[in-house]
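In: Sequence and predicted structure below; questions after.
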Amino acid sequence: MVDARKVKDMVAKKSNQFMNQMSGKVPAHKHCRICHEPIPVASEPRLCKKVECTEKHEKNEKNLKTVRIAMFVFFGIFAIPYLLALAARVMG
Ligand SMILES: [Zn+2]
């Protein structure tokens, strides 16, 4: 017969081990977006103290903004005729 209490104990131990692996050994931390160095959780933006990472991050942000605008324009070019066609259909 299977001892239910033993099984329960084992499961508890196993899940404890799992929890320790998940949270105990590695303290909460973040990684620098650029070089992936561990940094404190409170760091905002997610960058380490290196100047080159800050510079790279700023460059990335600028690129991202440009990409976003381009996407917006691109979307607009496709969406406007579609919306017009839809409006025309709705109007009859
Ligand atoms: Zn870094």
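Out: Alright, I've got the coordinates.
In: what about the residue nearest the centre of the chain, helix or strand, and which?
Out: A centroid search over the chain (CA atoms, centre = their mean) returns residue 33, at 10.7 Å, as the residue closest to the centre. Residue 33 is located outside every helix and strand, with elements delineated by DSSP states H and E.
In: For it, which non-adjacent residue is spatially closest?
Out: residue 46 (4.9 Å; CB to CB, 6 or more residues apart in numbering). From N, CA and C alone the C-beta is placed, and that goes for glycine too.
In: Can you read off the pLDDT for the one you found?
Out: Listed pLDDT for residue 46 reads 91.
In: Was I right to think the residue nearest to the centre of the chain contacts residue 47?
Out: Yes. Between residue 33 and residue 47 there is a contact under CB atoms under 8 Å: 6.2 Å.
In: any residues in contact with both of those two?
Out: Common neighbours of residue 33 and residue 47, counting by CB atoms under 8 Å, 6 or more residues apart in numbering, are 53, 57.
In: hey, where'd the strands end up in the protein?
Out: 30-31, 38-39 (DSSP state E).
In: Just give me the neighbour total for residue 39.
Out: Residues within reach of residue 39, counting by other CB atoms under 10 Å, total 19.
In: In contact with it, which residues?
Out: Residue 39 touches 29-32, 46-48, counting by CB under 8 Å, 6+ apart.
In: For PyMOL, write a command that selects the buried ones of these.
Out: The PyMOL command for the buried members of those (criterion: 16 or more other CB atoms under 10 Å) is given here:
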select buried, resi 30+32+47+48
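In: List, out of the contacts of residue 39, those positioned next to the ion.
Out: Residues of the contacts of residue 39 in contact with the ion (CB under 5 Å from the ion): 32, 48.
In: Show me which of the contacts of residue 39 is closest to residue 88.
Out: Proximity of the contacts of residue 39 to residue 88 (CB to CB) peaks at residue 46, which lies at 47.1 Å.
In: surely the closest one meets residue 35?
Out: No. With contact defined as CB under 8 Å, residue 46 does not reach residue 35; the gap is 11.1 Å.
In: and the spatially closest residue to residue 28 that is not a sequence neighbour, what pLDDT?
Out: Once flanking residues are discounted, residue 28 sits nearest to residue 41: 5.1 Å by CB to CB, 6+ apart. Residue 41 carries a pLDDT value of 90.
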